[in-house]
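Peer 1: Take this sequence and fold it.
(chains A and B)
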2 protein chains.
Amino acid sequence: MRSMSQFRCSRSRIWMDDNMSDVQFFEGVEKLLEIWFSTNDNNSKHADLRKIPRSRLESLLKIVRCEIISFCSNDQIDAYVLSLSYFDCCYCLVLLQLMFKSKCSIVDFNWCKCTESSMFISKRRFILKTCGTTTPLLCLQPLLLLVEQYAGFTDVEDVFYSRKNYKRPDLQAAPHRDFYQEVTLLDAIFPHGSAYCLGSMNRDCWYLYTLNPPRTNALSSETEPDPDQTLEILMTDLDPDVMSIFTREECLNAAEATKKSGIDKIVPNMVIDDYLFEPCGYSMNGVTKSGCYMTIHITPEPEFSYVSFETNITATSYREIVNKVIETFQPGKFMVTVFTNKTSAAVGAPKEIQNLTEIGSWTRRDMQHICFKNYDLTYAFYSKFPS
Amino acid sequence: MRSMSQFRCSRSRIWMDDNMSDVQFFEGVEKLLEIWFSTNDNNSKHADLRKIPRSRLESLLKIVRCEIISFCSNDQIDAYVLSLSYFDCCYCLVLLQLMFKSKCSIVDFNWCKCTESSMFISKRRFILKTCGTTTPLLCLQPLLLLVEQYAGFTDVEDVFYSRKNYKRPDLQAAPHRDFYQEVTLLDAIFPHGSAYCLGSMNRDCWYLYTLNPPRTNALSSETEPDPDQTLEILMTDLDPDVMSIFTREECLNAAEATKKSGIDKIVPNMVIDDYLFEPCGYSMNGVTKSGCYMTIHITPEPEFSYVSFETNITATSYREIVNKVIETFQPGKFMVTVFTNKTSAAVGAPKEIQNLTEIGSWTRRDMQHICFKNYDLTYAFYSKFPS
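Peer 2: Now for the predicted structure:
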């Protein structure tokens, strides 16, 4: 393995701030949008988000500044690996400038495919998870129009927009610089949205916008919801030795990085679609036959390392997965969020997290629990001791 | 009783915004500061916050824009009712302008004693709760100096600064316009402070800053903490018929308002020090022989009605007190917060609140639970159905 100092100097992706001065930085923190749709008539059998044509999805992703670079699917779910489109990537723009200045050929440069992002589309659930300076909330209105036009759904049943606090909010594009701006955009679309901040607002925290309609006093005529659960683990300050796996210097391709890191062993029986970016960075989507997913995105640069793990697999306990994830990536700090609804098999998982004041050499710094109308949410933040 | 429209037109307190245009508004929402002190030597027996001379406290309160208007005490606790000082009160300033313009005498006007506020000082706990446009965080550094000079404490053991979101943050003075500004000031003083927002950031929410030092892995050499608990109920959109009790039109004096409203029956065995403001508004402090306190502050104007209730009385359940408070004041919406530490008799009270999805005709809209190092906190928000 090459020394980390070489890795640091030669391979950091370049980002540019508003003044077009070079800043060696990449924002790994993703914006995560999950929307559930439903119908208010009897057409629900035929309604399906996967009826939206690929060309329309590609147009939609242009608004977000993304493009599809890999795809896998089964009967239950379509899973896309995304990247930033060339001319929205500041690293590539810098290379382009250099190319013109130095009169080199376009083939002399290693064009970046930065921005580790994913999209999952199943019958009635749409998930878009994008990092860097992407703008997923700008695609919300166009998405709702596409869903109406092609998919046959009439209603938005639930919305979850969430993200960790950024390392460099000043480098984001509107409306993503500030959570209040994001909330203003969401409030203009959804009548019953509520915005939350979990964790320490002046340290590490996690923002969430979700529909949380008032409870009705009427005797419940509502049908039981489909079982649903999501586990997310957002990690920072990761072990540089682990992170170096996710560079083109250390691994020839994504499959090698997946195996070498142990990612393939975290959740068994996943069909994996992985991608190793140039010069570094990694994304993977995994799907099961039953339509469950997992996704991992890695920003390996030591100065701003970030890894996210997310899955909705059905389990009565997430303890083992949490252990495997943090043992695999060795973060200095991480936050865990667990969403469960009342019909989920993981209904006991939040309580389990609430009781974990220590996990190995990580100590809990923060723990919060929110009770929504349809979901329970537990948030916990851990750091290696001493912090 | 006079009609509410008359009450509205003739008795609203006047506030002025930055452009010195008249705005009929008063911010009932309080800023609540609670600090616990300790000593790191053997002088703790002699250390006592009540050693700070009254003249020094009065100087301190000038920084906050408050002055003492009533006082009661026993062996355990000193309780002060506070009000805004004359020349910091915009209502009084408007009257002063009118007086000069109309060449009337000073005795022709009902000078306001607005700003319902309280201060409680016991051996090692300092509480300051002030509404309107007071600036309690500005007195923090001078307070710490006074404590060092007169009271004999060496350490700040814990800090709690909290408030509901304001109705009109734009009318506040720095650093209180924005929670991030307040946090910046607090972070400059305390090394391990953490800031939280509970409830819906885009609707009704409650901000808290507290010390939440990292847990140590060392086997606990710490002594058990003194039992402590605090119940707070912050109410808005109150019943105008109830609110009219707290005006000089309806009641001659504070004692009449206390009895007529039923405040004297909420917590028995309290020695009550109450104050009915001119033209309206109400404050009361209650203390028990054992040093427990309760305090109620009322902004009765229908356009921006607000009532706060707070107590630290020892009880295994707060259900009965919560019921009495909301039955007494009939709020449209209210939030409940319960702090308990592990040695408190009320250690089961948070769980009790967590299980209350309905209280009479009020339905829960939000519920959150935070686990701090030394305290558990439960927050719940209720509104009358339909909202």
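Peer 1: Please pull up the helix or strand immediately following whichever strand or helix holds residue A:241.
Peer 2: Using DSSP states H and E, residue A:241 sits in helix A:240-243. On the C-terminal side of helix A:240-243, the closest following helix or strand by DSSP H and E is helix A:254-261.
Peer 1: How far off centre is that next one?
Peer 2: 20 Å (C-alpha atoms, centre = their mean, to the nearest Å).
Peer 1: Need the contact partners of it.
Peer 2: Applying C-beta atoms under 8 Å, 6 or more residues apart in numbering or on different chains, the contact partners of helix A:254-261 are A:242, A:245-246, A:250-251, A:263-264, A:272, A:274-276, A:282, A:284, A:328-329. C-beta coordinates here come from the backbone N, C-alpha and C atoms, glycine included.
Peer 1: Could you say which of these is surrounded by the most neighbours?
Peer 2: Greatest neighbour count in those, by other C-beta atoms under 10 Å in any protein chain shown, goes to residue A:246: 29 neighbours.
Peer 1: check contacts around residue A:275.
Peer 2: Residue A:275 touches A:69, A:70, A:81, A:83, A:113, A:116, A:254, A:282, A:283, A:284, counting by C-beta under 8 Å, 6+ apart.
Peer 1: One more pass at 7 Å, please.
Peer 2: Applying C-beta atoms under 7 Å, 6 or more residues apart in numbering or on different chains, one finds that residue A:275 lies in contact with A:69, A:70, A:81, A:254, A:282, A:283.
Peer 1: try residue A:366
Peer 2: Neighbour list for residue A:366: A:199, A:200, A:380, A:381 [criterion: C-beta under 7 Å, 6+ apart].
Peer 1: got a markdown table for these, with pLDDT and distance to residue B:349 too?
Peer 2: Output for these, formatted as a markdown table (pLDDT from 0 to 100; distance: C-beta to C-beta, whole Å):
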| residue | pLDDT | distance to residue B:349 |
| --- | --- | --- |
| A:199 | 97 | 24 |
| A:200 | 96 | 25 |
| A:380 | 97 | 23 |
| A:381 | 97 | 25 |
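Peer 1: and those, which are buried?
Peer 2: A:199, A:200, A:380, A:381 (16 or more other C-beta atoms under 10 Å in any protein chain shown).
Peer 1: thinking again about what came up before, show residues contacting the helix holding residue A:241.
Peer 2: Helix A:240-243 has contacts (C-beta under 7 Å, 6+ apart) with A:4, A:261, A:300, A:302, A:305, A:329, A:330.
Peer 1: out of the buried ones among the contacts of residue A:366, what pair is the most spread apart?
Peer 2: A:200 and A:380 (12.4 Å; C-beta to C-beta).
Peer 1: buried set for stretch A:318-337?
Peer 2: Buried, per 16+ other C-beta under 10 Å, within stretch A:318-337: A:318, A:321-322, A:324-326, A:328-331, A:333-337.
Peer 1: and if you look at stretch A:32-39?
Peer 2: Buried, per 16+ other C-beta under 10 Å, within stretch A:32-39: A:32, A:33, A:34, A:35, A:36, A:37, A:39.
Peer 1: Among those, find the lowest-pLDDT one for me.
Peer 2: Across these, the smallest pLDDT goes to residue A:39, namely 91.
Peer 1: Low-confidence bits of chain A, can you list those?
Peer 2: Chain A contains residues with pLDDT under 70 at A:1-23, A:43, A:85-114, A:214-222, A:386-387.
Peer 1: try 90 this time
Peer 2: Scanning chain A for pLDDT under 90 picks out the ranges A:1-25, A:40-45, A:83-116, A:191-192, A:212-226, A:278-279, A:373-374, A:385-387.
Peer 1: quick one: the strands in the stretch 151-300 of chain A?
Peer 2: A:155-164, A:193-199, A:205-211, A:229-238, A:271-276, A:282-287, A:293-299 (DSSP state E, counting those that start in this stretch).
Peer 1: An error on my part: the question was meant for the stretch 1-150 of chain A.
Peer 2: A:15-16, A:22-23, A:31-38, A:66-73, A:77-84, A:117-122, A:125-130.
Peer 1: now for those, which one comes closest to residue A:174?
Peer 2: strand A:31-38 (13.0 Å).
Peer 1: The closest one vs strand A:155-164, what angle?
Peer 2: Going by axes from the mean of the first three to the mean of the last three C-alpha atoms, to 10 degrees, strand A:31-38 is angled at 170 degrees with respect to strand A:155-164.
Peer 1: Summarise which helices and strands strand A:31-38 is packed against.
Peer 2: strand A:125-130, strand A:155-164 (3 or more C-beta pairs under 7 Å, 6 or more residues apart in numbering or on different chains; DSSP states H and E).
Peer 1: and of the buried residues of stretch A:318-337, the nearest to residue A:55?
Peer 2: Taking those together and measuring to residue A:55 by C-beta to C-beta, the closest member is residue A:337, at 34.4 Å.
Peer 1: Do I have it right that the closest one meets residue A:232?
Peer 2: Yes: counting by C-beta atoms under 7 Å, residue A:337 touches residue A:232, with 4.8 Å between them.
Peer 1: on that earlier part again, who wins for proximity to residue B:120 among the strands of the stretch 1-150 of chain A?
Peer 2: strand A:31-38 (44.8 Å).
Peer 1: out of the contacts of helix A:240-243, which one sits closest to chain B?
Peer 2: Nearest to chain B out of the contacts of helix A:240-243 is residue A:330 (C-beta to the nearest C-beta; 18.4 Å).
Peer 1: For the closest one, grab phi and psi.
Peer 2: Dihedral pair for residue A:330: phi 50, psi 60, per degrees, to the nearest 10.
Peer 1: which one is it nearest to, not counting chain neighbours?
Peer 2: Nearest residue to residue A:330, sequence neighbours excluded (C-beta to C-beta, 6 or more residues apart in numbering or on different chains): residue A:239, at 3.6 Å.
Peer 1: Would you check how far apart the one you found and residue A:300 are?
Peer 2: Noted for residue A:239: a distance of 10 Å to residue A:300, by C-beta to C-beta, to the nearest Å.
Peer 1: Compare the two (neighbour count), which wins?
Peer 2: Each of residue A:239 and residue A:300 has its neighbours counted (other C-beta under 10 Å); residue A:300 has more, 28 against 14.
Peer 1: ok, back up a step: which of the helices and strands packed on strand A:31-38 is buried the deepest?
Peer 2: Comparing those by mean neighbour count (mean count of other C-beta atoms under 10 Å in any protein chain shown), strand A:125-130 comes out on top with a mean of 24.
Peer 1: Identify the residues contacting residue A:143.
Peer 2: By C-beta under 7 Å, 6+ apart, the neighbours of residue A:143 are A:60, A:126.
Peer 1: before we move on, back to that, quick one: buried residues of the helix holding residue A:241?
Peer 2: A:242, A:243.
Peer 1: swap in stretch A:59-76?
Peer 2: Judged by neighbour count using 16+ other C-beta under 10 Å, the buried positions of stretch A:59-76 are A:60, A:61, A:63, A:64, A:65, A:66, A:67, A:69, A:70, A:73.
Peer 1: Now the two most distant members of those.
Peer 2: Maximum pairwise distance among those (C-beta to C-beta): 23.6 Å, between A:65 and A:73.
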